[in-house]
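S.K.: Just to be clear, the model below is a prediction. Sequence and coordinates:
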Amino acid sequence: MSTTTLKLEQQKQQSQENNHSDINYLSHVITLTDQISEPARDWIQFIFDKYDSNFDQTSITSQIISAMILTMGCFWLIGSLYTLLDYFQRPKFLYRYKIQDNEQITLDDIIETAKVAFWNQITVQLLTTTIAFNLMNYLPFDKNYRVPPVSTIIYNLVVFIFLQEIAFYYLHRLLHHKIFYRYVHKIHHKWQAPISISALYCHPFEHFLANLVPVLIGPFVMCSHRSTISIWLLIVHIVTLNDHSGYHFPLMPSPEFHDYHHLMFNQNFGRMGFLDYFHGTSERYFKSKYSKRHQVLLSLTPMKILIPDND
Ligand SMILES: [Zn+2]
Ligand SMILES: [Zn+2]
């Protein structure tokens, strides 16, 4: 064997050893994370057992009802609190965090929006949930009784977030094509200064294509455990209600990004922003005050006062 070949062999062996030590290190970190977070896993198990005890887990109809109550309950409970704040504009110490605070919302607007949102839930969402539960029986979903370790839940959620972002960005841009916009997406954009429950104020086709499909892609790709999917659905509802609420509260995720989409129509098609950056669909946003305000508020002073319009 020549000296060069010997050196190459040694380098290859060294690189394989490095890769192995990286993998060993990663698996060690995961094991340690799971050991530390075991009480959190037990707590998640306890909550799910408690919730599931209200439903017959052998019946698919019962499981569909359970999923609908979870998602609709979350939407209407949080959505109602935001809507009361919008309507009464009180208490003032909370209302002052509203980004676009120049409009008085009427009761008619709220009733119309609530009707459309509820209709979308009991038609398209119920149908999609029914199809999804039936499909799950034919796919290798994690059907263990025990909820997965916390590291698996986090890993699944990260994959869900990225798949949702990719699907939502391109489907949302498709909805801005003039044909789809005129007949479908225009409804959602009736709200230039959105309120939380306007998240589901849209055409039923849009609710399926841009809301439900991007959310369900991740769970179907990963064939995740039901508990992980339930946590994901709760997160999705809380985030979308917050994104549409127009309230930039302290320590909460900033809704400025999507609020700007409703204000300007042709900017910020995604949720996270990396695809908007890549495709140049946030150029005006980056020059606006909104992009500077798009951060977690770490003060009790509203962001619009910290970074005023005429700054
Ligand atoms: Zn929206
Ligand atoms: Zn849009």
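M.R.: Structure received. Ligands and ions are numbered 1, 2, ... in the order given.
S.K.: Point out the other elements, helices or strands, that the helix or strand harbouring residue 71 touches.
M.R.: For residue 71, the element it lies in under DSSP states H and E is helix 60-88. Helix 60-88 sits against helix 38-52, helix 107-120, helix 126-136, helix 226-245, with contacts defined as 3 or more CB pairs under 8 Å, 6 or more residues apart in numbering; DSSP states H and E. Heads up, the C-betas are built off the backbone N, CA and C, glycines and all.
S.K.: got the contact list for the first one?
M.R.: Identification of contacts with helix 38-52 by CB atoms under 8 Å, 6 or more residues apart in numbering yields 34, 66, 70, 146-150, 153, 226-227, 230-231.
S.K.: Buried residues in the helix or strand that the helix holding residue 71 is followed by, which are they?
M.R.: On the C-terminal side of helix 60-88, the closest following helix or strand by DSSP H and E is helix 92-95. Within helix 92-95, no residue is scored as buried using 16 or more other CB atoms under 10 Å.
S.K.: can you list the residues that contact helix 92-95?
M.R.: With CB under 8 Å, 6+ apart, helix 92-95 has contacts from 85, 89, 101, 247, 249.
S.K.: now that helix, how far from the chain's geometric center?
M.R.: Chain-centre distance of helix 92-95: 26 Å, with CA atoms, centre = their mean, to the nearest Å.
S.K.: again with stretch 251-269
M.R.: On the basis of CA atoms, centre = their mean, stretch 251-269 sits 14 Å off its chain's mean C-alpha point.
S.K.: next one: stretch 180-192
M.R.: Computed by CA atoms, centre = their mean, the chain-centroid distance of stretch 180-192 equals 21 Å.
S.K.: Next, the distance between the ends of that stretch.
M.R.: 18 Å (CA to CA, to the nearest Å).
S.K.: buried sites along that stretch?
M.R.: Per 16+ other CB under 10 Å, stretch 180-192 contains these buried residues: 180, 184-185, 188-189, 191.
S.K.: do stretch 286-299 as well
M.R.: 288-291, 293-294, 297.
S.K.: which of these lies closest to residue 271?
M.R.: residue 294 (11.8 Å; CB to CB).
S.K.: any idea how far the nearest residue to that closest one once chain neighbours are set aside lies from residue 81?
M.R.: Counting by CB to CB, 6 or more residues apart in numbering, residue 256 is the residue found nearest to residue 294 once chain neighbours are left out, at 4.2 Å. Here the distance between residue 256 and residue 81 works out to 20 Å (CB to CB, to the nearest Å).
S.K.: With neighbour numbers in mind, choose between these two.
M.R.: Neighbour count, other CB atoms under 10 Å: between residue 256 and residue 81, residue 256 has more, with 24 against 14.
S.K.: Look up how far residue 183 lies from the more buried one.
M.R.: Going from residue 256 to residue 183 by CB to CB gives 29 Å.
S.K.: Please apply the same query to residue 49.
M.R.: Separation of residue 49 from residue 183 (CB to CB): 46 Å.
S.K.: so how far is stretch 232-239 off the chain centroid?
M.R.: 5 Å.
S.K.: Same check on stretch 300-310?
M.R.: Centroid separation for stretch 300-310 versus its chain: 26 Å, with CA atoms, centre = their mean.
S.K.: what's the straight distance from one end of it to the other?
M.R.: Rule used - CA to CA; the end-to-end distance of stretch 300-310 is 21 Å.
S.K.: sorry, back to before: comparing the helices and strands packed on helix 60-88, which comes out most buried?
M.R.: Compared across the helices and strands packed on helix 60-88, helix 226-245 shows the largest average neighbour count, a mean of 21 (mean count of other CB atoms under 10 Å).
S.K.: Off-centre distance for stretch 171-178?
M.R.: Centre-to-centre, stretch 171-178 and its host chain are 19 Å apart (CA atoms, centre = their mean).
S.K.: Kindly reformat the helices and strands packed on helix 60-88 as JSON lines and extend each row with distance to residue 168 and mean pLDDT.
M.R.: Output for those, formatted as JSON lines (distance: least, CB to CB, whole Å; pLDDT from 0 to 100):
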{"stretch": "helix 38-52", "distance to residue 168": "27", "mean pLDDT": "93"}
{"stretch": "helix 107-120", "distance to residue 168": "16", "mean pLDDT": "97"}
{"stretch": "helix 126-136", "distance to residue 168": "16", "mean pLDDT": "97"}
{"stretch": "helix 226-245", "distance to residue 168": "10", "mean pLDDT": "96"}
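S.K.: Ok, which of those comes nearest residue 142?
M.R.: Of all these, helix 226-245 sits nearest to residue 142, with 7.9 Å by CB to CB.
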